[in-house]
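Student: With the sequence up front, the predicted model follows.
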Amino acid sequence: MNGRCVVTGAAGFIGSRLTRLLLVEGWDVVGVDAFTDSYDPTEKLARAEALRTHPHYRHVTADVAECDLGAIVDGAEVVFHLAGRPGVRDSFDIPVKYHHDNVVATTYLVAAARRSASVRRLVYASSSSVYGNAPLPFTENGPTAPLSPYGQTKLESERLCLEANGTDLETTALRYFTVYGPGQRPDMGLRRFAEAALDGRPIRLFGDGTQSRDFTYVDDIVRATRQAADADVAGLAVNVGGGSRITLNEVFELLGELTGGPVSLQREPFARGDARHTGADLTLARERLEFAARTDFADGYAAEVDWLRERSLVTLRSA
Ligand SMILES: NC(=O)c1ccc[n+]([C@@H]2O[C@H](COP(=O)([O-])OP(=O)(O)OC[C@H]3O[C@@H](n4cnc5c(N)ncnc54)[C@H](O)[C@@H]3O)[C@@H](O)[C@H]2O)c1
């Protein structure tokens with residue numbers, strides 16, 4: 001039997017999957033999510049609805065930056081802080097919303113966790129975007145140089161968390177590298193590419209396709225996040241990556257195989273804020289988190305494409 005924990009952003013892509021794992025492990029989970037407008041909230045509402053069927057899940061619909069956090073964290077042993085406004089491109093247009101959902105929310109949550117007698121650890125979902133175009137591989141004690149307001153808010157939030165690490169509260173920040181798999185957010189590249197290919201539409205490609213990413217399968221991220229509650233990572237930022245770098249041109253080749261034909265591309269200039277390459281140094285993850293990714297990209301992307309196929313069939317059936 002485990003105790004109680006809090007998951008912020010429990011209706012999100014990663015938060016909902018983490019919550020499911022914690023419930024299977026026997027935790028009582030309090031999920032907090034405001035169903036923000038970062039993308040179609042019906043996807044978030046559906047995830048929360050599925051979680052609500054579990055007897056050990058309680059949902060609180062609230063903005064982390066504007067609610068009584070004391071009442072929420074009271075009695076919890078661990079706080080997994082995944083609520084936030086993700087995505088690089090929108091952050092140039094609405095930086096104040098990013099600041100609110102990332103920095104302001106984290107400020108209040110860290111203060112509440114510090115005040116609480118029960119919370120022993122806070123695990124924060126940070127991002128590889130704190131590195132910008134740093135030299136590869138990205139190492140945790142190497143330079144950070146975010147290229148967007150999003151990356152800046154993630155760096156500031158992880159600093160707020162790590163500075164609070166001490167004897168009463170332990171904190172850790174995991175730097176997630178592009179997360180994908182079934183349930184992926186609709187604004188993310190791999191899902192947009194697959195949806196276009198399945199619909200027979202051209203894929204909008206920003207840049208020449210030589211940019212590369214260290215893609216990380218969602219269940220690997222969830223396992224690392226769970227392990228961070230107990231592992232020897234207090235006070236540290238730790239990379240969590242899939243372990244190999246893949247170019248977008250390689251993604252399109254695989255997508256052609258998965259969807260039964262070559263994909264067509266509509267080329268556009270490189271987008272601002274996007275790093276050219278990302279790649280995680282996983283030494284710390286291996287040594288301190290005992291983490292190694294289990295799902296390779298071909299299998300993980302096939303699972304995402306299958307999920308999207310099934311999803312479009314369900315939509316067709318219910319239309
Ligand atoms: N998906 C990735 O590739 C990736 C990579 C690096 C870091 N991250 C970080 O991981 C976390 C989860 O990402 P995701 O892809 O699951 O995103 P997501 O948007 O699906 O999930 C975030 C959830 O947080 C909720 N939320 C946002 N602001 C809130 C607030 N102020 N109060 C209450 N709820 C709020 C949203 O409604 C959403 O359901 C985010 O913090 C993100 O920055 C994600």
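Tutor: Good, I have the coordinates.
Student: Nearest spatial neighbour of Lys97, chain-adjacent residues omitted?
Tutor: Leaving out its chain neighbours, the residue that sits closest to Lys97 by Cβ to Cβ, 6 or more residues apart in numbering is Arg85, at 6.0 Å. Heads up, the C-betas are built off the backbone N, CA and C, glycines and all.
Student: Alongside the ligand, which residues does this structure contribute?
Tutor: Residues of the chain that fall close to the ligand, judged by Cβ under 6 Å from any ligand atom: 9, 11-15, 32-36, 38, 44, 63-65, 82-86, 101, 105, 125, 127, 176, 178-179, 185.
Student: thinking again about what came up before, a helix runs through the residue nearest to Lys97, doesn't it?
Tutor: No - Arg85 is assigned coil when assessed by DSSP: H, G, I helix; E, B strand; the rest coil, not a helix.
Student: tell me the contacts of the residue in the stretch 1-150 of the chain positioned nearest to the ligand?
Tutor: Nearest to the ligand in the stretch 1-150 of the chain, going by Cβ to the nearest ligand atom, is Gly12, at a distance of 2.0 Å. For Gly12, the contact set (Cβ atoms under 8 Å, 6 or more residues apart in numbering) comprises 33, 44, 47, 82-83, 185.
Student: Can you tell me the element the nearest residue to Ser16 once chain neighbours are set aside falls in?
Tutor: Leaving aside its sequence neighbours, Ser16 sits nearest to Arg47 (Cβ to Cβ, 6+ apart; 4.0 Å). For Arg47, the host element (DSSP states H and E) is helix 41-52.
Student: one step back: which of the residues of the chain next to the ligand fall in strands?
Tutor: Of those, the ones assigned to strands by DSSP state E are 32, 125, 127, 176, 179.
Student: beta partners for the last one?
Tutor: Each beta-bridge partner of Val179 is listed here: Thr216, as defined by DSSP bridges.
Student: pLDDT score for Ser318?
Tutor: In this model, Ser318 is scored at 71, pLDDT.
Student: roughly how far apart are it and the ligand?
Tutor: The gap separating Ser318 from the ligand is 23 Å, by Cβ to the nearest ligand atom, to the nearest Å.
Student: What is the neighbour count of that residue?
Tutor: Applying other Cβ atoms under 10 Å, we find 6 residues neighbouring Ser318.
Student: One more: Arg52?
Tutor: Around Arg52 there are 12 residues (other Cβ under 10 Å).
Student: give me phi/psi at the closest residue to it other than its chain neighbours?
Tutor: Closest residue to Arg52 apart from its sequence neighbours, by Cβ to Cβ, 6+ apart: His59 at 5.7 Å. For His59, the backbone dihedrals (degrees, to the nearest 10) come out as phi -100, psi 140.
Student: Surely His59 and Glu49 touch.
Tutor: No - counting by Cβ atoms under 8 Å, His59 does not reach Glu49; the two are 9.2 Å apart.
Student: out of the two, which sits in the busier spot?
Tutor: His59 (17 against 11).
Student: Dig out what that one forms beta bridges with.
Tutor: Gly31.
Student: Do you know the pLDDT at it?
Tutor: Model confidence at His59, given as pLDDT, is 98.
Student: Buried members of the residues of the chain next to the ligand into PyMOL, please.
Tutor: Only the buried entries of the residues of the chain next to the ligand go into this PyMOL selection, using 16 or more other Cβ atoms under 10 Å:
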select buried, resi 9+11+12+13+14+15+32+33+34+35+36+38+44+63+64+65+82+83+84+85+86+101+105+125+127+176+178+179+185
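Student: re the thing from before, hey, what's in contact with both of His59 and Glu49?
Tutor: What both His59 and Glu49 touch, as defined by Cβ under 8 Å, 6+ apart, is an empty set.
Student: before we move on, back to that, can you tell me which residues contact the residue nearest to Ser16?
Tutor: 10-12, 16, 183.
Student: likewise Ala65?
Tutor: Contact analysis of Ala65 by Cβ under 8 Å, 6+ apart lists 100-101, 104-105, 107-108.
Student: and if you look at Val78?
Tutor: Taking Cβ under 8 Å, 6+ apart, one finds 5-6, 119-123, 229 in contact with Val78.
Student: circling back to that earlier point, now the contacts of Ala65 in JSON lines, please, with extra columns for pLDDT.
Tutor: As requested, the contacts of Ala65 are exported to JSON lines (pLDDT from 0 to 100):
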{"residue": "His100", "pLDDT": "98"}
{"residue": "Asp101", "pLDDT": "98"}
{"residue": "Val104", "pLDDT": "98"}
{"residue": "Ala105", "pLDDT": "98"}
{"residue": "Thr107", "pLDDT": "98"}
{"residue": "Tyr108", "pLDDT": "98"}
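Student: Can you show me the strands along the stretch 201-319 of the chain?
Tutor: When secondary structure is read from DSSP state E, counting those that start in this stretch, the stretch 201-319 of the chain shows strands at 203-206, 212-213, 216-217, 237-240, 246-247, 265-268.
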